[in-house]
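Visitor: sharing a sequence plus its predicted fold:
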Amino acid sequence: MPDSAPFVSVLLPVYNGENTLKATIESLMGQTYKHFEILMGIDGTTDGSKVIAESFGDSRIRIIEHPVNLGLAKNLNALIEAASNNTEFFAMAEQDDVYVPQRLEWQVKLMKKHPKVGLVSGIAEFKSENRQDLFPGILAYKKQFPQGKDLFTYLYQNQLKVVNTCMMIRKETHEQNSFQFKNTYDNFNVDWDYVLRFALKSQVYGLPKVLVRMNRYISRNSVTTNKRGQFKASRQLLKDFKKEFPNLINKKLYNKALKTQHKIELGHRSKMGIIVYGIWYAICYLDSYFLKYILERKKKYFLN
């Protein structure tokens with residue numbers, strides 16, 4: 001690969017990731033696109049993550065170690081500061097995900113072809129203990145993200161539909177807009193906050209291809225497995241953005257976004273909680289979805 005090829009800095013924040021880190025690094029080192037470095041931010045880790053990274057013996061893996069846990073956002077910001085001077089793109093990665101070999105190649109090719117695109121993501125093959133899905137549906141069905149204020153509205157109302165773990169960000173766009181990752185919500189919604197703001201400043205593109213295979217079992221050290229904390233943080237983000245962007249978020253949009261949030265939360269409540277909250281939400285929103293959901297879940301309970 002010629003030296004003129006755009007240089008990519010892969011940002012890999014790590015916190016006690018020894019159970020899955022090796023597979024993640026192997027998938028990154030096996031990329032068909034070779035002009036990159038991996039910046040691994042070890043954030044107050046007490047396990048063998050550093051030893052695993054060092055075992056690869058590859059100079060492209062640069063370890064930035066934080067003795068005290070900074071949190072996801074500050075870790076990411078530190079990795080960006082540590083990136084090589086010739087970096088053109090930042091590629092996000094997570095310690096418990098595996099990337100398809102062509103991930104970086106496909107993303108760099110698109111960024112070179114479309115210089116106005118500041119961020120490109122793709123499809124995640126999402127695995128949990130009992131199911132497998134492609135996310136987001138909009139890309140799985142070969143559709144494309146809206147842009148600008150329409151994308152902001154779409155992502156606010158429907159939650160984050162841009163897969164954070166396979167985002168590639170144009171360094172120039174990030175710096176020109178003074179973007180920062182923020183730990184506003186106790187390590188949650190770092191990506192949602194970032195992409196909402198990004199959507200108002202630059203084009204965001206979604207590749208209709210699987211770029212990452214994600215595992216989110218309860219035993220893993222991913223903040224996405226802590227549902228109670230995630231839900232609380234998401235409700236707070238909706239409130240905060242309504243205050244910060246009153247010209248973009250009116251009461252109607254806020255209520256739609258909150259209803260989406262409550263639909264998500266309902267599926268994680270107890271059997272009795274589904275009935276009680278489902279009826280309450282149905283009355284509040286005058287939406288039969290909640291009553292239908294209760295009936296569907298009751299059928300499953302009786303069948304089991």
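Guide: Yes, it's here. Residues are numbered from 1 along each chain as shown.
Visitor: secondary structure element holding residue 134?
Guide: According to DSSP states H and E, residue 134 maps onto strand 132-135.
Visitor: figure out how far that strand is from the centre of its chain.
Guide: Using CA atoms, centre = their mean, to the nearest Å, the mean C-alpha position of strand 132-135 is found 14 Å from that of the whole chain.
Visitor: list the contacts of that strand.
Guide: Contacting residues not belonging to strand 132-135 are listed as 123, 124, 125, 126, 140, 163, 210 [CB atoms under 8 Å, 6 or more residues apart in numbering]. (Each C-beta comes from the backbone N, C-alpha and C, glycine too.)
Visitor: let's see it at 10 Å
Guide: 123-127, 140-141, 161, 163, 210, 212-214 (CB atoms under 10 Å, 6 or more residues apart in numbering).
Visitor: go on, stretch 282-296?
Guide: Here stretch 282-296 has contacts from 255-256, 258-259, 262-263, 266-267, 274-281, using CB under 10 Å, 6+ apart.
Visitor: switch to 8 Å and redo it
Guide: Against stretch 282-296 from outside (CB under 8 Å, 6+ apart): 255, 259, 262, 263, 266, 267, 274, 275, 278, 279, 281.
Visitor: next one: stretch 140-157
Guide: 123, 134, 138-139, 161-162, 192, 195-196, 199-200, 203-206, 208, 238, 241, 245, 248-249, 253, 256-257, 260.
Visitor: what's the domain layout of this structure?
Guide: 7-220, 226-303 (automatic domain parsing).
Visitor: give me the sheet partners of the longest strand along the chain and which way each runs.
Guide: Secondary structure of the chain per DSSP state E: the longest strand is strand 203-215. Applying DSSP bridges, strand 203-215 is found paired with strand 97-99 (antiparallel), strand 117-127 (parallel).
Visitor: please report how far residue 249 lies from residue 241.
Guide: 6 Å (CB to CB, to the nearest Å).
Visitor: ok, now how distant is the residue positioned nearest the centre of the chain from residue 55?
Guide: The residue lying closest to the centre of the chain (CA atoms, centre = their mean) is residue 164, at 2.6 Å. Distance, residue 164 to residue 55, using CB to CB: 27 Å.
Visitor: where do the helices of the stretch 201-304 of the chain begin and end?
Guide: Counting by DSSP state H, counting those that start in this stretch, one finds helices in the stretch 201-304 of the chain at the ranges 227-244, 251-266, 271-285, 289-303.
Visitor: how about these in CSV, adding mean neighbour count, distance to residue 100 and mean pLDDT?
Guide: Formatted as CSV, the helices of the stretch 201-304 of the chain follow (neighbours: other CB atoms under 10 Å; distance: least, CB to CB, whole Å; pLDDT from 0 to 100):
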stretch, mean neighbour count, distance to residue 100, mean pLDDT
helix 227-244, 16, 26, 94
helix 251-266, 16, 27, 94
helix 271-285, 15, 37, 88
helix 289-303, 13, 34, 75
